[in-house]
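**Q** I'd like to go over a predicted model; first the sequence, then the structure.
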Amino acid sequence: MTTTNEEPVNVATVSLGQVVVTTSLWTTLLEHLSEGESLRELAGLLERHRHGDFGDVGEQDWEANLLALKHGTRLLSTYVVGPVIVWCITEADRSVTTLLLPEDY
């Protein structure tokens, strides 16, 4: 995956709606971290996503996210927690944000 070294976008915070974590992501995180550490990591990722730091997405997804902020479409961020890749997807209507493993998609 190609990554970009873009700085976080200077935007008002994104509404996350209801936050959902898939069972498979949670189980995988608990194989590597304690419950408290997992919760802190996920909270940190949500804050980054909320403030326009899309993490390790490729250039095409970064550009799509910039357009999504202007036009109200889906946002995708990618983060790495230890050996675990975490996707964070906020739906276009901003009603729900899901934290998941890529293979959950």
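**A** Nice, thanks for sending it over. Given the structure is predicted, the values throughout are model-derived calculations rather than measurements.

**Q** Could you pull up the mean pLDDT of stretch 50-65?
**A** Average pLDDT, stretch 50-65: 95.

**Q** which intervals of the protein have sub-threshold pLDDT?
**A** Within the chain, the segments meeting pLDDT under 70 span 1-12.

**Q** Just give the number of residues close to residue 72.
**A** Using other Cβ atoms under 10 Å, the number of residues around residue 72 comes to 11. C-beta: built from backbone N, CA, C; applies to glycine.

**Q** Residue 49 now?
**A** The number of residues near residue 49, taken as other Cβ under 10 Å, comes to 26.

**Q** now it: how far from residue 34?
**A** 22 Å (Cβ to Cβ, to the nearest Å).

**Q** list the helices and strands the longest helix seen in the chain packs on?
**A** Taking DSSP state H as the criterion, the chain has its longest helix at helix 35-50. When contacts are defined as 3 or more Cβ pairs under 8 Å, 6 or more residues apart in numbering; DSSP states H and E, helix 35-50 sits against helix 23-30, strand 75-81, strand 84-90, strand 96-100.

**Q** chain center to the last one: distance?
**A** Between the mean C-alpha point of strand 96-100 and the mean C-alpha point of its chain there is a distance of 7 Å (Cα atoms, centre = their mean, to the nearest Å).

**Q** neighbouring contacts of it?
**A** Outside strand 96-100, the residues that touch it by Cβ atoms under 8 Å, 6 or more residues apart in numbering are 16-22, 24-25, 42, 45-46, 49, 86-91.

**Q** buried subset of those?
**A** 16, 21-22, 25, 42, 45-46, 49, 86-90 (16 or more other Cβ atoms under 10 Å).

**Q** so can I have CSV of the residues you listed showing distance to residue 69?
**A** Output for the buried ones among the contacts of strand 96-100, formatted as CSV (distance: Cβ to Cβ, whole Å):
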residue, distance to residue 69
16, 14
21, 23
22, 25
25, 25
42, 22
45, 18
46, 16
49, 12
86, 20
87, 18
88, 14
89, 14
90, 10
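
**Q** Just send the helices and strands packed on helix 35-50 back as JSON lines, with distance to residue 67 too.
**A** Below are the helices and strands packed on helix 35-50 laid out as JSON lines (distance: least, Cβ to Cβ, whole Å):
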{"stretch": "helix 23-30", "distance to residue 67": "27"}
{"stretch": "strand 75-81", "distance to residue 67": "10"}
{"stretch": "strand 84-90", "distance to residue 67": "14"}
{"stretch": "strand 96-100", "distance to residue 67": "18"}
